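J.: I would like the atomic coordinates for the input below:
(2 chains)
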Number of protein chains: 2
Amino acid sequence: MIEIPAHTIAQLLYLVHTDPEELREALGELRAPDIAEALRELPPEAAAKVMAALPFDLAVQVFDEPELTRHRCAIIQLIEPRKVGPLIEAMSADQQADLFREVPREERPRLLATVSEPTRASLQKLLQYPPETAGGIMTTEFVSVPSDWSVEQALRLIREVGGRKETVYAIYIVDPATQELVHVVSLRELLTAEREDNVLDVGNRRPPLTVRAEMDREEAARLISKYNLLAIPIVDDQRRMLGIVTVDDVIDALVEESTEDVQRFGGMEALDAPYMEIGFVEMIKKRAGWLCALFLSEMLTATAMQRFQGEIEHAAVLAMFIPLVMSSGGNSGSQATSLVIRALALQELKLRDWWRIAIRELPTGLVLGAILGVIGFTRIVLWQNLHIFSYGPHYFLLAVAVGFSLVGIVAFGSLAGSMLPFLLKRIGFDPASASAPFVATLVDVTGLVIYFSVAFLVLHGTLL
Amino acid sequence: MIEIPAHTIAQLLYLVHTDPEELREALGELRAPDIAEALRELPPEAAAKVMAALPFDLAVQVFDEPELTRHRCAIIQLIEPRKVGPLIEAMSADQQADLFREVPREERPRLLATVSEPTRASLQKLLQYPPETAGGIMTTEFVSVPSDWSVEQALRLIREVGGRKETVYAIYIVDPATQELVHVVSLRELLTAEREDNVLDVGNRRPPLTVRAEMDREEAARLISKYNLLAIPIVDDQRRMLGIVTVDDVIDALVEESTEDVQRFGGMEALDAPYMEIGFVEMIKKRAGWLCALFLSEMLTATAMQRFQGEIEHAAVLAMFIPLVMSSGGNSGSQATSLVIRALALQELKLRDWWRIAIRELPTGLVLGAILGVIGFTRIVLWQNLHIFSYGPHYFLLAVAVGFSLVGIVAFGSLAGSMLPFLLKRIGFDPASASAPFVATLVDVTGLVIYFSVAFLVLHGTLL
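T.: Below is the predicted model of the structure:
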């Protein structure tokens, strides 16, 4: 297990200011991802000096690390201008595009001027895709060969250009006339085939799996993961290749998406940087929006309570169980929501399956509610008879009311929690980002109404 | 985008019972993962017939799909006994092990008897690792060559055995005397190297990254993702190779882990199968445990409320804002928890960083609380003055009490929500599985105490 110890970072920082020769040596022992990790912890000025001390090839690899994100953009402005062009030029196409996405719009022209015309053209092509699409994580560097080549010719090409391409393990066969993608072979298949065979005769002749550039990057991830691919080609309307998405980009995207999902599930906007790198004001902004929205909708609970003021004044004892019944509804709703969100994300469930879930969640909720109802009922009767607390002469009816309202609330929570993600998806929202907090509010308000209604029915004429 | 349409499954089911020849043809057009997907929807008897109709190579590929999980085990018991041995024998080692993990213990000997002695030995080796470790997802099929071989020799070996190994894109160089792993080269590096070079001279000479078999599989995933590897070797104490973990296993593991995280975050035990495949009783079991635990701990809210019964009887109006202030504490706690859980999982934060988070979350919580406090205060004053609802003569003091208690509750929620994951991790629990529900309970109970204490301070002598 490799980890950058904290003292390495301090050491680097020290060497930056003292001994450039030793700095170079210390850096030579590290891998690019480790240097990138250390650079994130250094102030931009020191990071730029470390970059300057790196051999060119390693510097390029370090700058190719997606983890550098925002830092990359601060560092590049401190690097000697004449070195910036070659550095960017040598980066892989997808990381070039990412770098430009991070650079403030007004500084882009200056940076664009440092690169060659072909790179500029490739950048302009890549930058038109939003980062969450397949096009936004694709690279334009892949190995393609005309469909009239032999295996021998293809292998010779790979030997020549191999080092400069993002991946050489998938080789894309295109029609020389139309440039259409007609076949994909793996390097493994190519290596084990006869040298004089035509490339079209290698491997399985099913039409290749492809992705459209504007598709969600999660869709590309799903296909790569389902079909165990190392890369998936991205094609246009005429099935001409635009680029490829590789498995390592997909892993990064998966990790990022699941971070965003967890944060959204926690009821806030997704952060686009690690926790410690977000400024105080930005953190407040990301959290205050949702918190206020939830607060405003939870105000409905106060409105609901106002209707039951009479009941509370008559029987303050009723108020005691408000937090308990409310939270039970919320908990059961949150279980159902997390199950359905995840099943929707993994495409285990389709929109049209909503009723299959509904007819499962209702009985599940009723049983779960009954279990909690019995516990709640027992607690009240027990506390009363053990003289721990006195709920008054009508304690038995109170226990019945709490028990039955739990059945209703938990069943409603399960049903609402499982149906809301479908509804949100149906009307075009991301179910992961909004379901959990909406369910909480909906279940809280409805829970109160159920509780007081059941209490009114059971206790009418006695306590109420 | 490829998707198995529902009618294909019905068609397969129909063909199973009518025309074996046409069934074979229909299956020939599908990819192994698609057939596996269809098999999951078929009854085991029909699935076994589909398997029997597949050409042997495709049948092996289908059975190698990790998505088949439980079904695989039901299907294999319905396949002709003489066909079972060769089928298992041809599967990849990691999937063989997974299959045996799913088979009930009493049936294992019968199944073990169908395979050859070397396979049995490999299985016994793999089955000793729990499925959530790196050893539990590794395979023993990899390409290794002695360190005294030339590039030419290594390439010739790959050409011969390539088709039978899980991956040929990473080649492991071992010391012929000690069997110690000394170097790793990629197929790309091998292809672009001079044929007569020694394999040790190819590629970068840093010591290879390795993983121990008993390490968490997430750790292997993190290394593969960080260093953009296609596979990572697993070694024993003497640095002899036990197997490799490949990138596609890691993707499956990542997707599985994030499903478990979402489900645990939703306050339930993680399911080990898709939603629709879990039986009713099992679903209840997975959910009732946590729900009851939460219910029992939320009973503390009733205990807390009992202490404030006097206050509620004096001022029923106070009860109206209980759900609102409680849910605000819960929401801010849930934000902080999801941030910290995720940062801990991604290793952005270490345990020793807890105080850095604490001194950030406290001011963040105070500001967020102040924002909600102002909104809450305004709402009460506004409703009163617009004559929407009358909170009585002391409405202004009530508004002050609600406002100030919100500051305290939201600040406490943020602090508790961010610290509890650290505490749980410190005492050896998985923070992802327990934090969210514990935070909710802790914040609910404390929130009530804060609310009534502030109310008592502000309203003492007037309303109370």
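
J.: How many neighbouring residues does A:Ile79 have?
T.: 17 (other C-beta atoms under 10 Å in any protein chain shown). Just so you know, the C-beta spots here come from the backbone N, C-alpha and C atoms, and that holds for glycine as well.

J.: Could you do the one 4 residues further on as well?
T.: When neighbours are counted by other C-beta under 10 Å, A:Lys83 registers 15.

J.: Which residues are in contact with it?
T.: Contacts here follow C-beta atoms under 8 Å, 6 or more residues apart in numbering or on different chains; on that basis A:Lys83 touches A:Ala52.

J.: Also A:Gln95?
T.: A:Gln95 makes contact with A:63-64, A:66, according to C-beta under 8 Å, 6+ apart.

J.: which residues in chain A form strands?
T.: Using DSSP state E, the strands of chain A run over A:143-146, A:170-174, A:181-186, A:211-212, A:231-235, A:241-246.

J.: now the residue of the stretch 301-450 of chain A found nearest chain B, nearest residue through space, not along the chain?
T.: Closest contact between the stretch 301-450 of chain A and chain B, by C-beta to the nearest C-beta, is at A:Ser338 (2.6 Å). Spatial nearest neighbour of A:Ser338, chain neighbours left out: B:Gly266 (2.6 Å); criterion: C-beta to C-beta, 6 or more residues apart in numbering or on different chains.

J.: Give me the neighbour count for that neighbour.
T.: For B:Gly266, using other C-beta under 10 Å, the count is 26.

J.: That one and A:Val340 touch, don't they?
T.: No: assessed by C-beta atoms under 8 Å, B:Gly266 is found out of contact with A:Val340, at 9.7 Å.

J.: A:Met268: how many residues sit nearby?
T.: 25.

J.: just to revisit the earlier point, show me the common contact partners of B:Gly266 and A:Val340, please.
T.: With C-beta under 8 Å, 6+ apart as the test, B:Gly266 and A:Val340 reach no residue in common.

J.: in the stretch 301-450 of chain A, which spans are helices?
T.: In the stretch 301-450 of chain A, the segments counted as helices under DSSP state H, counting those that start in this stretch are A:309-314, A:322-345, A:354-385, A:395-426, A:431-459.

J.: ok, and what's touching the shortest one?
T.: Here helix A:309-314 makes contact (C-beta under 8 Å, 6+ apart) with A:305, A:318-319, A:452, A:455-456, A:463-464, B:312, B:316-317, B:319-320.

J.: Would you convert the residues you listed into JSON lines that also reports pLDDT?
T.: Converted to JSON lines, the contacts of helix A:309-314 look like this (pLDDT from 0 to 100):
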{"residue": "A:Met305", "pLDDT": "87"}
{"residue": "A:Leu318", "pLDDT": "88"}
{"residue": "A:Ala319", "pLDDT": "89"}
{"residue": "A:Phe452", "pLDDT": "93"}
{"residue": "A:Ala455", "pLDDT": "92"}
{"residue": "A:Phe456", "pLDDT": "91"}
{"residue": "A:Leu463", "pLDDT": "70"}
{"residue": "A:Leu464", "pLDDT": "71"}
{"residue": "B:Ile312", "pLDDT": "85"}
{"residue": "B:Ala316", "pLDDT": "84"}
{"residue": "B:Val317", "pLDDT": "86"}
{"residue": "B:Ala319", "pLDDT": "89"}
{"residue": "B:Met320", "pLDDT": "89"}
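
J.: Can you add mean neighbour count and distance to A:Arg105 and give the helices of the stretch 301-450 of chain A back as JSON lines?
T.: Below are the helices of the stretch 301-450 of chain A laid out as JSON lines (neighbours: other C-beta atoms under 10 Å in any protein chain shown; distance: least, C-beta to C-beta, whole Å):
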{"stretch": "helix A:309-314", "mean neighbour count": "16", "distance to A:Arg105": "55"}
{"stretch": "helix A:322-345", "mean neighbour count": "28", "distance to A:Arg105": "33"}
{"stretch": "helix A:354-385", "mean neighbour count": "19", "distance to A:Arg105": "43"}
{"stretch": "helix A:395-426", "mean neighbour count": "24", "distance to A:Arg105": "33"}
{"stretch": "helix A:431-459", "mean neighbour count": "23", "distance to A:Arg105": "26"}
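
J.: Any chance of those helices in a markdown table with distance to B:Gln124 as columns?
T.: Converted to a markdown table, the helices of the stretch 301-450 of chain A look like this (distance: least, C-beta to C-beta, whole Å):
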| stretch | distance to B:Gln124 |
| --- | --- |
| helix A:309-314 | 67 |
| helix A:322-345 | 35 |
| helix A:354-385 | 40 |
| helix A:395-426 | 43 |
| helix A:431-459 | 42 |
